[in-house]
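**Q** Model the structure of this input:
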Amino acid sequence: ELCIRDGGGAGGAAFDPEVVRQLLARGSHADPLTRLTPREREVLDAMAEGLTNAGTAERLRMSVSAVEKHVASIFGKLAIGDAAGYSRRVLAVLRYLGS
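**A** Numbers count the residues shown, from 1 in each chain. Down below sits the predicted model:
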C-alpha cells in the first residue's frame with residue numbers, strides 16, 4: 001500500500017519511509033546483481049572475460065585469496081549453489097551477461 005502525505009507548505013509530497021524501504025528491497029530482490037559491491041562486479045567482470053582467480057588477482061592488484069572470497073560472495077548473492085555437472089563460474093557469468 002503506497003501512502004503519500006502532503007509535504008506541507010513546500011508543495012511536495014512525502015512517501016511513508018517504510019513503503020520506500022519495502023519498494024527498494026523489492027527492487028534489489030528482483031535483480032540480485034544489484035546487491036554486488038563494486039569490487040565484486042569487477043571480479044565478475046574479470047570472470048566474464050575468462051580470467052582465472054590468479055589472473056583476476058593480478059589485474060585487480062589483490063591476493064588470490066581475496067578474489068576467492070569475492071567469488072564465494074558472488075555465488076552466495078546470486079544464489080548459485082553447488083549443482084552437480086554445472087560450473088558455478090559459468091552460471092554466474094551467464095546471469096551477469098543476461099542482465
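**Q** Identify the residue spatially nearest to residue 77, adjacent ones excluded.
**A** residue 35 (4.9 Å; Cβ to Cβ, 6 or more residues apart in numbering). Every C-beta, even on glycine, is put in place using the N, C-alpha and C of the backbone.
**Q** can I assume that neighbour is in contact with residue 76?
**A** No. Using Cβ atoms under 8 Å, residue 35 makes no contact with residue 76, being 9.6 Å away.
**Q** Any chance you could list what contacts the strand or helix carrying residue 69?
**A** If you go by DSSP states H and E, residue 69 is part of helix 64-77. Residues external to helix 64-77 that are found in contact with it (Cβ atoms under 8 Å, 6 or more residues apart in numbering): 32, 35-36, 39-40, 43-44, 47, 53-54, 56-57, 60, 80-81, 88-89, 92.
**Q** With stretch 92-99 instead?
**A** By Cβ under 8 Å, 6+ apart, stretch 92-99 touches 31, 32, 33, 44, 45, 47, 48, 74, 75, 78, 80.
**Q** In CSV, list those residues along with distance to residue 65, neighbour count and pLDDT.
**A** CSV is the format used below for the contacts of stretch 92-99 (distance: Cβ to Cβ, whole Å; neighbours: other Cβ atoms under 10 Å; pLDDT from 0 to 100):
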residue, distance to residue 65, neighbour count, pLDDT
31, 28, 10, 79
32, 24, 16, 83
33, 24, 17, 88
44, 17, 23, 95
45, 19, 15, 94
47, 16, 22, 94
48, 21, 14, 93
74, 15, 25, 95
75, 16, 16, 93
78, 21, 19, 91
80, 20, 19, 90
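**Q** Return the subset of these lying in helices.
**A** 44, 45, 47, 48, 74, 75 (DSSP state H).
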